[in-house]
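# below are the sequence and a predicted model for it; my questions follow.
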Amino acid sequence: SVHCRLNVAAPSLSTQTRVDSPPMKSYQFRDYGQPLEAIEAPTPEPAGSELLMRVDACGACHSDVHVWEGEYDMGGGRKLDVRTGRDLPFTLGHEIVGEVIAMGPDAEGAAIGDQRVIFPWIGCGACETCELGKEHLCLKTRALGTFVQGGYSDHVIVPHARYLFDYGDVGAELACTYACSGVTAFSAIRKVVDLRGTHIVILGAGGVGLSALRMAKALTDFEVIVVDVRQDALDAATEAGADHVVDASDQNAHRQIKSLSNGGVCAAIDCVGAAATAKLGMRCLAMSGVLVVVGLFGGSLEVSLPLLPLKNMTIRGSFLGSLAEMGELMSLVRAGQIGTIPVETRALAEAQQTLDDLAAGTLVGRVVLTP
């Protein structure tokens, strides 16, 4: 399996493989919730259509925390156990940019030296979901950094060149963020782009929220209101082009948003996914408004059922983005149509501290790890 090849060098006849590569160094957890450790293993050799990438940059995402902890908070004291389906020790990291340094004997569509951002949401390739172009929703996922060894490493295996995208003139540290926070935000904005209305609200100004703000300004004519509890995050949103910012800790936040939007927003995009943010988003909606829940922070939402028909309200989820959407997004990136988000670069050795900071909710923008 791909899992094994990432930790143990498999024999290969490929003449394109660098046989004398130094050991691969990865930061892995041996058990859920345990600190990441620097672990060395033979650098893997690509087989079949696979490619070996030298990692240049890997973004750190809050979903890394959930995988590391092995659970999601479902609210009411309930937990969703996600400790199955991956080999331990495990390497996190799904926002990856790297350079192709070796190719399997059947690999095509790439060349040695290509520097690319990797679409990590890889499915089984054989089910109806995958055949419909929705690999990111496949129940037999082979997603890098969540079920297959990922980018908190100096090398990673990619199963096929179709998952590689040219990122143009932007830096690798920014380009890697498009693999998750970027495509997730892009997919969420596309779900509301045709709604009738003048305002939308984005809840949360972290990496996904700021990306959603940039996508909204690039793809729509909506005035965008950004909500967060942290002043530094609100300042970042203002700098990134928010038309209005609102402090979510203010008990009158929903009234401020309704006033700014002339009675309510046509869409609320919850990039946090907590009980408080989802509730605030619902309270801000105009008639026929849509709440799109993107974040996975956790909790539960109590809904007054009569409000659904009385306000003709829609509540929906938006999970990641498709391979086709990644292609659309990267075309916009290469054309210079998507603004940047704040990126802090850290050494890969700081992976554990970064996970701790993500769990504490103290980061603005994206932290990107570099080997």
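Yes, it's here. Residues are numbered from 1 along each chain as shown.
# could you list the low-pLDDT ranges of the chain?
1-21 (pLDDT under 70).
# contact partners for the residue nearest the centre of it?
In the chain, the centroid-proximal residue (Cα atoms, centre = their mean) is C180; its distance is 2.5 Å. Contact analysis of C180 by Cβ atoms under 8 Å, 6 or more residues apart in numbering lists G59, C61, S63, H94, E95, P120, L320. Quick note: C-beta positions are derived from backbone N, CA and C, even for glycine.
# okay, those in JSON lines with neighbour count, distance to V290 and secondary structure next?
As requested, these are exported to JSON lines (neighbours: other Cβ atoms under 10 Å; distance: Cβ to Cβ, whole Å; DSSP: H, G, I helix; E, B strand; the rest coil):
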{"residue": "G59", "neighbour count": "29", "distance to V290": "28", "secondary structure": "strand"}
{"residue": "C61", "neighbour count": "27", "distance to V290": "25", "secondary structure": "coil"}
{"residue": "S63", "neighbour count": "21", "distance to V290": "23", "secondary structure": "helix"}
{"residue": "H94", "neighbour count": "29", "distance to V290": "27", "secondary structure": "coil"}
{"residue": "E95", "neighbour count": "30", "distance to V290": "27", "secondary structure": "strand"}
{"residue": "P120", "neighbour count": "28", "distance to V290": "27", "secondary structure": "coil"}
{"residue": "L320", "neighbour count": "23", "distance to V290": "18", "secondary structure": "coil"}
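# tell me where the stretch 51-200 of the chain has strands.
For the stretch 51-200 of the chain, the strands defined by DSSP state E, counting those that start in this stretch occupy 51-60, 71-75, 78-81, 90-91, 95-103, 115-118, 155-158, 164-165, 199-203.
# buried residues in the fifth one?
When neighbours are counted by 16 or more other Cβ atoms under 10 Å, the buried residues of strand 95-103 are found to be E95, I96, V97, G98, V100, I101, A102, M103.
# nearest to M313 among the residues you listed?
E95 (32.9 Å; Cβ to Cβ).
# hang on, the closest one packs against G59?
Yes - the pair E95 / G59 is scored as a contact, 3.0 Å apart, by Cβ atoms under 8 Å.
# give the residues shared as contacts by those two.
C176, T177, A179, C180, S181, R366, V368.
# filter those to the buried ones?
Buried residues within the shared contacts of E95 and G59, counting neighbours by 16+ other Cβ under 10 Å: C176, T177, A179, C180, S181, R366, V368.
# save those residues as JSON lines, and put in distance to T198 too.
Output for these, formatted as JSON lines (distance: Cβ to Cβ, whole Å):
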{"residue": "C176", "distance to T198": "34"}
{"residue": "T177", "distance to T198": "29"}
{"residue": "A179", "distance to T198": "32"}
{"residue": "C180", "distance to T198": "30"}
{"residue": "S181", "distance to T198": "26"}
{"residue": "R366", "distance to T198": "29"}
{"residue": "V368", "distance to T198": "35"}
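# wait, which of these is closest to E350?
The closest of these to E350 turns out to be V368 (Cβ to Cβ; 10.8 Å).
# phi, psi for that closest one please.
phi -120, psi 130 (degrees, to the nearest 10).
# and the gap between it and F165?
17 Å (Cβ to Cβ, to the nearest Å).
# ditto for L296
24 Å.
# quick one, which of those two is more surrounded?
Shown here are L296 and F165; by other Cβ atoms under 10 Å, F165 has more neighbours (23 against 20).
# what residues are up against the closest residue to A175 other than its chain neighbours?
Excluding the flanking residues, the one nearest A175 by Cβ to Cβ, 6 or more residues apart in numbering is Y167, at 3.7 Å. If a contact means Cβ under 8 Å, 6+ apart, then Y167 has V97, Q115, R116, V117, A175, Y178, M330, V333, R334 as its contacts.
# quick check: the fifth one touching E95?
I take that to be A175. No - A175 sits out of contact with E95 when judged by Cβ under 8 Å, with a separation of 9.2 Å.
# for G361, what are its contacts?
Neighbours of G361 in contact, by Cβ under 8 Å, 6+ apart: none.
# got it, and I315?
M282, V290, L291, V293, V303, L308.
# for the fifth one, give its distance to M313.
Right, the one you point to is V303. Taking Cβ to Cβ, one finds V303 at 9 Å from M313.
# between the two, what contacts are shared?
M282.
# tell me which of these two has more neighbours.
M313 (17 against 14).
# surely the more buried one and S288 touch.
Yes - using Cβ under 8 Å, M313 is in contact with S288, at 7.4 Å.
# most surrounded residue in the contacts of I315?
L291 (26 neighbours).
# how about that one, secondary structure?
The local conformation at L291, judged by DSSP: H, G, I helix; E, B strand; the rest coil, is strand.
# contacting residues around it?
A267, A268, D270, A278, G281, M282, L285, M313, T314, I315, R316.
# could I get the contacting residues of the third one?
When contacts are counted by Cβ under 8 Å, 6+ apart, D270 touches L203, G204, T277, A278, G281, L291, V292, V293, V294, G295.
# what helix or strand does R316 sit in?
Per DSSP states H and E, R316 falls inside strand 314-317.
# ok, residues contacting the helix or strand just after that strand?
For strand 314-317, the following helix or strand on the C-terminal side (DSSP H and E) is helix 323-334. Residues from elsewhere that reach helix 323-334 (Cβ under 8 Å, 6+ apart): 117, 119, 121, 133, 135-136, 162-163, 165-170, 175, 178-179, 182-183, 186-187, 190, 218, 321, 338.
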